[in-house]
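Colleague: Model the structure of this input:
(2 chains, ligands or ions: 2)
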Amino acid sequence: MAILTARGTTKRFGGLLAVHQLDLDVEDKSIHSIIGPNGAGKTTFFNCVTGFYRPEEGEILFQGMPIQGLTPDRVTQLGIARTYQNIRLFSNMTALENILVGQHPHLKSGWPGAVVGTPSTKHEERAAHQEALRLLLFVGLRGKGDFLAKNLPYGDQRRLEIARALASRPNLLLLDEPTAGMNPRETIEMMAFIRRLRDELGITILLIEHQMRVVMGISECITVLDYGEKIAEGPPITIQNDARVIEAYLGRGSAGRAPGTPIRPGEAGLPEDSSRAPRTMLEVKEVHTYYGHIHALKGVSLTVGEGEIVTLIGANGAGKSTTLNTISGLLRPRHGHVRLAGEDLGVYKPHEIAAKGVVMVPEGRRIFSQLTVMENLQAGAYARSDRDGFARDLQRVFTLLPRLAERRDQVGGTLSGGEQQMLAIGRALMASPRLLLLDEPSMGLAPILVEQIFKTVEDINRQGTTILLVEQNATMALSIAHRGYVLETGTITLKGSAVELREHPEVKRAYLGEGT
Amino acid sequence: MPMRMDRQGWWNAVRKGLIWGGVAVFVAMVGMVETFAERQVIIGVVSFGMTLLALAGVAAGFQAARGPAGGGRVSALLGGAVAGAVVGAAVAGLLLVGSVLNLRTMFVSASPRLFSLLSAGQGLHGWYLPLLAGTALGMIAAGASTLAARLRRPILTGLMSVLTVGVFQELLQIMLGGEGVGAVIRDVLFESEGLLPRGALILFLVAWASSSLWIWRRAAVHVWVARRPASQQRGLRLLTLGIGVSALLLLPHLAGPFLSQVLVLVGLFALLGLGLNIVVGFAGLLDLGYVAFFAMGAYTVGLLTSTGEHGIFHFSFWTAVPIAMVVSLIGGVLLGIPVLRIRGDYLAIATMGFGEIIRLLVLSDFLRPWLGGSQGILAIPKPTIVGLELSGPEQLFYLTLVLCGLVVFVASRLRDSRLGRAWMAVREDEDVAEAMGINLVNVKLLAFGLGASFGGLSGAIFAVMVGSVFPHSFQLLISIKVLSPIIVGGMGSLPGVLVGSLALVGLPELLREFADFRFLVYGAALVAMMQLRPEGLWPEPVRKRELHESEQDAAEPEKVLA
Ligand SMILES: Nc1ncnc2c1ncn2[C@@H]1O[C@H](COP(=O)(O)OP(=O)(O)OP(=O)(O)O)[C@@H](O)[C@H]1O
Ligand SMILES: [Mg+2]
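Modeller: Ligands and ions are numbered 1, 2, ... in the order given. Model prediction:
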């Protein structure tokens, strides 16, 4: 029996058909995935189901009851919960409080009872608190209940969002890219976790994902969207070999490739004949960075030579983003130095550091959401004055990411997640950086685009830009990098050439997801 | 290497000097130095006006030493001296320009008296004095900043005590009274119009010694307390609470009518602030029309209890208060309905309009027969309690104190309830909150309504405190005066509202000369807060709730959602 049924659902934005005549049946207690290129309309469909958008045509039935046009709070009360592609936690509330808010629909007590402190209110509060603690434990956040949501590392935020969704005791859970920003090992854990949700709690899962390993591994049924329309549907094995899906989404490269194989092993690298080490562009020396009392970086040292691609890999919360934020001046180290071509950056403000050519693509698509695509790109080029260079780089960005050219007048905040990621990368390229700091550029991108992005990174590197790359997709990162560092709980534990790291048993086990 | 300052360090020192020099010149030009010259901190030694100028030099030196110059003590001292000298130079420059040109045509406060003050009576010949003083102060401040906190804190505490006592000497002298131990203390410390040098010295030493003692023994005290059995710890806590409460109860007796009056005012604004805090701090709805509910409460009580021509029912205060709260609550909900879909800045403008509409309605000819137009409602009797009339400020103080306590209690209960969490969720992300099953309409209207009812409550007290109500008392500025303590105290924080009200309502009342500069000081305080402590004076602490209780269920993950 289908728990969720969509019939001819259509959602338009102006002239754009984001979802077009979509028919979909989600079987009760199944794990059902929706995949498709960036901007295919996946998130828009979620928004139609959960009451954020009202579809122009068609109907959506949940447990046989029409739900299109209901307000989001009503939909949640009926038993549908969701997570968000761009994590949307209540960032200034603690993890525990976030979960407590999730329980709102099935708590009963009113405010007069709370003011007076009636026994029933107290009892309900205590029970809610206990359940919140159990959920915290269930998603693996034990001991982090008192952290402000915004201070949790990215992967933990994703887990917390799921816990918050579970708190409303849903029958149907919509997950929008739950493994974005997770490394292979965490991804495997997440897959097991999603299975548990279904097997132990009997929750039906509707999943949007770009990581094929996940989609193919756990779904019973996959629906593929392209330009808002369904182009294929069926079990993983059928989808994997469907010509249209490969064409539109998976990309030729990955069709027969086992996950984890480098694109072009060994090819990347500095010209082999240059036996001398490159001149040091960036030197991070014994850096200690704190968040209040939390000692996040405990003496991190690394160097990036001119013309190199250096990658920094590590688990969630290891301090990778903190390292990049320290380099770009957004965070101040308490001890230690960051030097650019020998000059200490400690005295400069973030904008001055950016003006020196150190440009960052921040984690999680922090684009200017009120500005149009074009304005975002112009903002990226704020510090430069050369008209020709601007026009040339704009051309380069548009060739590289044609979707941005199509949408140059769309407001940033309304772009799909993947489109926003493209914009964040494009914006950084517009600054024509000397040193590009990339924080998880592949996050939320369709497989076909991930390959393109990595090729681009190699290209701009060949054209002379030095790159420091943080990436969960360690396989990809090590396939284009010259050297790499492994960061664990705020300290560098391993370093070496990309080839060495790829072969290192520890790295293989923990970050490449092999040999488990 | 640490002996030499690099270019960065010099530039930083000069920049800090320029900023604080600007502040010093500004303070002088708006007339604060001259006005506050009357108020002696230590008789014959230094006035409050001069202290303000001196503080600019101190701040510059302190910041310069703390800047990126880094390095050793010598470079810190040097930086402080430079920064202080720049401040001094700015003041000296003002002195020179002011003595040569007649600035008075543009700046009324640029009086000969000011320039005589700046040069210690020497006129143009004293031009070097500010320079010397600035350099010395900057250097001393820089030196202090390099001291270990253990040494620095007691000195700071000592100086602050002298400053506070000196500035408020008049009140303190009254409080100490004319006989007994108080009189002896007074004669040792004070003379008729101010703190004596010997008094200042004694005060400094006492404060310095107790602060040092505390810093030295603090850890030991904590350990000692922690080692007591739980029952004794509870006893200790009750004891401190008891001391605090009795101090508050005794306060009006010690303070006398004037201070009590000020405290009632502080309490009134704290009540208003606590109400507005629900709307702005908890639910994140910026409401600038809050004064309307203050007015509603006051007018309701006025109408229901007045013995004058507009009074209708001659109810007692105690009957009128709940009615006033209900009326304001309904007003809050009615305001809320049209603005439900409006967010952020637009909401502020819309609610501001609402506040003005209420005031204009009250002023209108149309409602004059009932509300008295600009004449207002007179002859509002004081409340009585078991036959006792709460007439003077001392008695009203107890009333506000009790109500404040009650409202703090209610607000904290609300904050920790399901509704409170829903409010915070709405504040953080309205769309997601709705998708968590929160009914935005209910939750927002409850915030507006409950917040408004507290506003009505303070309006009621205001009506009996003044004995009459006029539309003139309900200007837009009141809304801003209520909002400022919330921001300064820390958005959403209950103790923050109280501290903010004390600082922004109480202090200016005590320093009567401040009246002219009140909004200047408000503005400066807000800007300074945003710069130095954006989270507020007393921000809401992150509540720790997992650690105490998490252990017991740790073993049974399977039971989730059971
Ligand atoms: N509010 C809006 N206004 C205009 N266009 C929008 C709006 N929301 C989405 N779109 C457009 O609709 C298309 C579908 O967006 P959607 O977010 O559903 O994509 P998606 O399939 O989730 O992609 P991704 O994998 O990148 O997240 C995109 O091209 C997007 O730019
Ligand atoms: Mg999406």
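Colleague: Would you mind finding the longest helix in the chain?
Modeller: Picking chain A for this. helix A:119-138 (DSSP state H).
Colleague: ah, no, chain B please
Modeller: Secondary structure assigned by DSSP H gives helix B:230-277 as the longest helix of chain B.
Colleague: Just list what it packs against, helices and strands only.
Modeller: helix B:169-176, helix B:393-415, helix B:440-466, helix B:476-489, helix B:494-501, helix B:507-510 (3 or more Cβ pairs under 8 Å, 6 or more residues apart in numbering or on different chains; DSSP states H and E). The way it works is simple: take the backbone N, C-alpha and C, and place the C-beta from them, glycine included.
Colleague: I'd like to check the angle between that helix and helix B:494-501, please.
Modeller: 60 degrees (axes from the mean of the first three to the mean of the last three Cα atoms, to 10 degrees).
Colleague: packing partners for the longest helix of chain A?
Modeller: Looks like helix A:119-138 contacts helix A:95-102, helix A:111-116, helix A:154-166, helix B:546-549 (3+ Cβ pairs under 8 Å, 6+ apart).
Colleague: switch to 6 Å and redo it
Modeller: Helices and strands in packing contact with helix A:119-138 are listed as helix A:95-102; criterion 3 or more Cβ pairs under 6 Å, 6 or more residues apart in numbering or on different chains; DSSP states H and E.
Colleague: Please see if the helix it packs on touches chain B.
Modeller: Yes: using Cβ under 6 Å from any Cβ of the partner chain, helix A:95-102 reaches chain B at A:96, A:100-102.
Colleague: what does the stretch 51-200 of chain A put close to ligand 2?
Modeller: residue A:85 (Cβ under 5 Å from the ion).
Colleague: what stretches of the stretch 51-200 of chain A score poorly on pLDDT?
Modeller: Within the stretch 51-200 of chain A, the set of residues satisfying pLDDT under 70 is empty.
Colleague: What residue in it comes nearest to ligand 2?
Modeller: Residue nearest to ligand 2 within the stretch 51-200 of chain A: residue A:85 (4.6 Å; Cβ to the ion).
Colleague: What separation is there between that residue and chain B?
Modeller: Distance, residue A:85 to chain B, using Cβ to the nearest Cβ, to the nearest Å: 13 Å.
Colleague: and that residue, which of the three is it?
Modeller: State at residue A:85, reduced to three classes by DSSP: H, G, I helix; E, B strand; the rest coil: coil.
Colleague: Spatially, what comes nearest to residue B:22 if we skip its sequence neighbours?
Modeller: Sequence neighbours aside, residue B:90 is the residue nearest to residue B:22 in space, at 6.9 Å (criterion: Cβ to Cβ, 6 or more residues apart in numbering or on different chains).
Colleague: re the thing from before, reformat the helices and strands packed on helix B:230-277 as TSV; add mean pLDDT, mean neighbour count and distance to residue B:381.
Modeller: Putting the helices and strands packed on helix B:230-277 into TSV (pLDDT from 0 to 100; neighbours: other Cβ atoms under 10 Å in any protein chain shown; distance: least, Cβ to Cβ, whole Å) gives the following:
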stretch	mean pLDDT	mean neighbour count	distance to residue B:381
helix B:169-176	81	18	30
helix B:393-415	91	19	13
helix B:440-466	93	25	8
helix B:476-489	89	22	24
helix B:494-501	90	24	27
helix B:507-510	80	16	26
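Colleague: And residue A:80, its phi and psi?
Modeller: In terms of degrees, to the nearest 10, the main-chain angles of residue A:80 are phi -120, psi 130.
Colleague: That one - how many residues pack around it?
Modeller: The tally of other residues near residue A:80 (other Cβ atoms under 10 Å in any protein chain shown) stands at 29.
Colleague: try residue B:360
Modeller: Residue B:360: 11 neighbours (other Cβ under 10 Å).
Colleague: Please produce a ChimeraX select command covering the buried subset of the residues of helix A:95-102 next to chain B.
Modeller: In ChimeraX syntax, the buried subset of those is picked out as below (16 or more other Cβ atoms under 10 Å in any protein chain shown):
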select /A:96,100,101,102
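Colleague: re the thing from before, residues near the residue of the stretch 51-200 of chain A closest to ligand 2, how many?
Modeller: Around residue A:85 there are 21 residues (other Cβ under 10 Å).
Colleague: so who does it touch?
Modeller: Counting by Cβ atoms under 6 Å, 6 or more residues apart in numbering or on different chains, residue A:85 touches A:43, A:176-177, A:417.
Colleague: before we move on, the earlier item: could you report the pLDDT at the residue nearest to residue B:22?
Modeller: The score at residue B:90 is 93. That number is its pLDDT.
Colleague: which residues touch whichever strand or helix holds residue B:163?
Modeller: Take DSSP states H and E as the rule and residue B:163 turns out to sit in helix B:149-167. Contacts with helix B:149-167, where a contact means Cβ under 6 Å, 6+ apart, come from B:41-42, B:48, B:144, B:195, B:200, B:203-204, B:207-208, B:211-212, B:215.
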